[in-house]
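Participant: Sequence below, structure please.
(one chain, ligands or ions: 3)
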Amino acid sequence: MLNIVNQKTGWIEVICGSMFSGKTEELIRRIRRAEYAKQKVLVFKPVIDNRYDANNIVSHSQMQAPSIPINAPGEIYSYLDDDVKIIAIDEAQFFDPSLVGICNDLADRGYRVIVAGLDQDYKGEPFGSMPQLMAIAEYITKNLAICVVCGNPANRTQRTIHKDEQILVGSTDAYEARCRNCHEVLD
Ligand SMILES: Nc1ncnc2c1ncn2[C@@H]1O[C@H](COP(=O)(O)OP(=O)(O)O)[C@@H](O)[C@H]1O
Ligand SMILES: Cc1cn([C@H]2C[C@H](O)[C@@H](COP(=O)(O)O)O2)c(=O)[nH]c1=O
Ligand SMILES: [Zn+2]
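Facilitator: Ligands and ions are numbered 1, 2, ... in the order given. The predicted structure is shown next:
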């Protein structure tokens, strides 16, 4: 007979897209819906993301939700308790590759894991562990912004200042949303 008592019901949802495409807004929307359902949510973000606030996750439109800043994905385990149902992670592209196995493990243990992050860096290259997370996720939402040059849907992020390193925390001071036709990689 099927033992439904021990049945695990975890899964992974990925929210990806360019900067300004609404990833954080969508993450906050899902967090708020879970709260209406009285499901305990833990929200994590990398310490490096201090752009708008050290603790909250904050969208470009100023929507915000409290979060726990962590340096490495393994720290998530120390915050778990029996009431937690959902683990939400923003700016996932910044975390080290252990994030992939940890998200898988958390989903295997029965948690709903929601991960938001940039799928491409400013060069249009896959960013961090996002490709692997998309490969193992049950659900993927890919958002598009609006290209600030031509007004078409934008799936790329233009870096507007000359800095070569892949990781450069910023907002409109250093980035804008562009479509593939208007995106260019500066030398
Ligand atoms: N070019 C743009 N296209 C779409 N939205 C933009 C653009 N520039 C600024 N925004 C704002 O950014 C918001 C999305 O912010 P956010 O959820 O933080 O996006 P992301 O997390 O994907 O960077 C939009 O609702 C809008 O208010
Ligand atoms: C394209 C690109 C972005 N970043 C940084 C810039 C921001 O701090 C975050 C993305 O935030 P958002 O919530 O998606 O707006 O990532 C980077 O470090 N390198 C890049 O190539
Ligand atoms: Zn364009």
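
Participant: Just give me the residue closest to the centre of the chain.
Facilitator: Nearest residue to the geometric centre of the chain (C-alpha atoms, centre = their mean): Ala116, 1.7 Å.

Participant: Okay, and it sits in which element?
Facilitator: strand 112-118 (DSSP states H and E).

Participant: How about stretch 82-99, which residues are buried there?
Facilitator: Buried residues in stretch 82-99, counting neighbours by 16 or more other C-beta atoms under 10 Å, are found at 84-95, 99. Using the backbone N, CA and C atoms, a C-beta is placed for each residue, glycine as well.

Participant: Filtering these by proximity to ligand 2, which remain?
Facilitator: On the criterion C-beta under 6 Å from any ligand atom, none of the entries of those sits beside ligand 2.

Participant: Looking at those residues, spot the one nearest Cys150.
Facilitator: Gln93 (25.6 Å; C-beta to C-beta).

Participant: quick one, what contacts that closest one?
Facilitator: Gly117, Leu118, Asp119, Asp121, Phe127, Gly128, Ser129, Met130 (C-beta atoms under 8 Å, 6 or more residues apart in numbering).

Participant: how much space between Ile140 and ligand 3?
Facilitator: Using C-beta to the ion, to the nearest Å, Ile140 is found at 24 Å from ligand 3.

Participant: scratch that, Leu144
Facilitator: On the measure of C-beta to the ion, Leu144 and ligand 3 end up 11 Å apart.

Participant: Spatially nearest residue to that residue, not counting backbone neighbours?
Facilitator: Nearest non-adjacent residue to Leu144, counting by C-beta to C-beta, 6 or more residues apart in numbering: Pro153, 4.1 Å away.

Participant: The longest helix along the chain versus strand 112-118: what angle between them?
Facilitator: Taking DSSP state H as the criterion, the chain has its longest helix at helix 23-36. Here helix 23-36 runs at an angle of 160 degrees relative to strand 112-118 (axes from the mean of the first three to the mean of the last three C-alpha atoms, to 10 degrees).
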